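>>> fold the following for me, if possible:
(one chain, ligands or ions: 2)
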Amino acid sequence: MTDRHTPNSITAFRKRYFPGAGAREWNDWRWQMRHRVRDAKGLERLFSLTEDEQAALQGLNGAMPLGITPYYAALISRDDTRDPLRKAMIPRLGERHALPGEQADPLGEQAHSPVPGLVHTYPDKVLFLVTDLCASYCRYCTRSRIVGKGTLPTARQQWEQAIEYIRNRPEIRDVLISGGDPLILSDARLEWLLTRLRDIPHVEMLRIGTKIPAVLPQRITPDLARMLKRFHPLYVSIHFTHPSELTKASARACSRLADAGIPLGSQTVLLAGINDDLATMRDLMHGLLNMRVKPYYLHQCDPVSGTSHFRTPIEKGVSIIRGLHGHTTGYAVPAYMLDAAGGGGKVPINPDYIKRREGNVWILSNYRGLEYRYAESVDRPTNA
Ligand SMILES: *Cc1c(COP(=O)(O)O)cnc(C)c1O
Ligand code: SF4
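Numbers count the residues shown, from 1 in each chain. Ligands and ions are numbered 1, 2, ... in the order given. Reported below is the predicted structural model:
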């Protein structure tokens, strides 16, 4: 856990910038939602903006919306323009420049959407986008084409079509509820949705993908945890970006979910100048394990229009995974994934420890780069 953001520095931020709010308001997730930073004026009040940031904020209309919860804003340095969370949340001019090869929808989700809000590219699992709203908007979002735009079906009767699709396909045993951020929905709407999905006999596991424990941990109330607990096996994948997000508040949120018996995994996007070095990534993975979150995926940043300033060479990710594997517990090593263009699915691009093969002998390398040989038995018992 970082001590940069002790509850005291967050409290000092609240008293300075939100003097009308007591601890009670601050810890109320709906208050946090209502007081989000939504425009240039709001940002200027909290941060000294660079020229680049100011220019990027002009005429943001049409692009991804701006939104930062007061809690998350408190984690961002006021003056340090290299602050990693700042780069993730405050627009820079780079997002105006779409490079050749970039696309609004690089994963071809739209093309693989049999009914609105549902993406079906793998045989036995579906991605169910239930809202396009988030508590805070990450500038590198893979779904920047839809977040905050109000185009996804989000009313209950609009969800029926997707539920019906799942009900009619017995091969679907895994439903990943995502968005936007599904935990932005009220307890009642989430409960309705989970009940309907649990009702389908062939749906074995339910999953929720969210960034809420990092950007709005106040949302993880005891009531929410108690409600979610009734829908096991339910997994939650949490989008974490940087060790600065690992505060006491986010630890408490994860703890409430873990205590409800929910297995927690993390998903992190590899981002240039934000988390693309071994020390930062190691701190993040260790910090997550301390919060009972198992690092699940490290994602290569997708070629979404206007995100070139966030992307790193693939070699960077491979070397980070190399620096983790063997050097620390295997629990701290996520799988490094690249999402193939146009709905090809996730491709693992972990480092290669197989050097070569000589007949039945495999020449392998360990984490220190030393060579080892493993001979497969050639004469397998035929009647075993
Ligand atoms: C990532 C993704 C999933 C979930 O994949 P897992 O590897 O099982 O976590 C499901 N559907 C789509 C379309 C996805 O992009
Ligand atoms: S929380 Fe997820 S869906 Fe929302 S803006 Fe960030 S990456 Fe996109």
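>>> residues of stretch 58-69 that come out buried?
Ala63, Met64, Pro65, Leu66, Gly67, Ile68, Thr69 (16 or more other CB atoms under 10 Å). (Glycine included, C-beta is placed from N, CA and C.)
>>> what is the nearest of these to Ile349?
Met64 (27.1 Å; CB to CB).
>>> the closest one: what's it in contact with?
Glu95, Tyr137, Arg139, Cys141, Ser144, Val147, Gly148 (CB atoms under 8 Å, 6 or more residues apart in numbering).
>>> go with 7 Å
Going by CB atoms under 7 Å, 6 or more residues apart in numbering, Met64 touches Tyr137, Arg139, Cys141, Ser144, Val147, Gly148.
>>> contacts with ligand 2 among those residues, please.
Tyr137, Cys141, Val147 (CB under 6 Å from any ligand atom).
>>> from these, keep the buried residues only.
Using 16+ other CB under 10 Å, the buried ones in the ones next to ligand 2 among the contacts of Met64 are Tyr137, Cys141, Val147.
>>> isn't the second one up against Gly148?
Read that as Cys141. No. Counting by CB atoms under 7 Å, Cys141 stays clear of Gly148, with 9.5 Å between them.
>>> okay, helices next: where are they in the stretch 151-300 of the chain?
Remark: helices assigned in the stretch 151-300 of the chain by DSSP state H, counting those that start in this stretch are 156-167, 187-198, 212-215, 222-228, 248-259, 278-290.
>>> what's the closest of these to Asp79?
In terms of CB to CB, the element of these nearest to Asp79 is helix 278-290, at 20.3 Å.
>>> ligand 1 next: which of the ones next to ligand 2 among the contacts of Met64 are close?
Of the residues in the ones next to ligand 2 among the contacts of Met64, proximity to ligand 1 by CB under 6 Å from any ligand atom holds for none.
>>> between those, which is nearest ligand 2?
The closest of those to ligand 2 turns out to be Cys141 (CB to the nearest ligand atom; 3.1 Å).
>>> columns distance to ligand 1 and secondary structure on top of the buried residues of stretch 58-69, output as a markdown table?
Output for those, formatted as a markdown table (distance: CB to the nearest ligand atom, whole Å; DSSP: H, G, I helix; E, B strand; the rest coil):
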| residue | distance to ligand 1 | secondary structure |
| --- | --- | --- |
| Ala63 | 23 | coil |
| Met64 | 19 | coil |
| Pro65 | 23 | coil |
| Leu66 | 26 | coil |
| Gly67 | 23 | coil |
| Ile68 | 26 | strand |
| Thr69 | 25 | coil |
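>>> mind checking which of the ones next to ligand 2 among the contacts of Met64 land in strands?
Among those, DSSP state E puts none in strands.
>>> min pLDDT across those residues, which one?
Within the set of those, pLDDT is lowest for Val147 (93).
>>> helix, strand, or coil at Arg143?
Judged by DSSP: H, G, I helix; E, B strand; the rest coil, the three-state class of Arg143 is coil.
>>> just the pLDDT for it.
Predicted confidence (pLDDT) at Arg143: the value is 94.
>>> okay, now it: neighbour count?
23 (other CB atoms under 10 Å).
>>> how much space separates it from Tyr297?
Distance of Arg143 to Tyr297, computed by CB to CB, to the nearest Å: 16 Å.
>>> what of Asn168?
From Asn168 to Tyr297 the distance is 29 Å (CB to CB).
>>> before we move on, the earlier item: most widely separated two among the contacts of Met64?
So, the contacts of Met64 by CB to CB: farthest apart are Arg139 and Gly148, at 12.2 Å.
>>> the two: who's more crowded?
Taking other CB under 10 Å, Arg139 and Gly148 do not tie; Arg139 has more neighbours (22 against 18).
>>> need the contact list for that one.
So Arg139 contacts Met64, Ala88, Met89, Pro91, Glu95 (CB under 7 Å, 6+ apart).
>>> Val37 contacts Leu43, doesn't it?
Yes. Taking CB under 7 Å as the definition, Val37 is a contact partner of Leu43 at 5.6 Å.
>>> just the contacts of Arg139: which are in helices?
Among the contacts of Arg139, the members falling in helices are Ala88, Met89 (criterion: DSSP state H).
>>> for the buried ones among the ones next to ligand 2 among the contacts of Met64, which one is nearest ligand 1?
Among those, and counting by CB to the nearest ligand atom, the member closest to ligand 1 is Cys141, at 13.8 Å.
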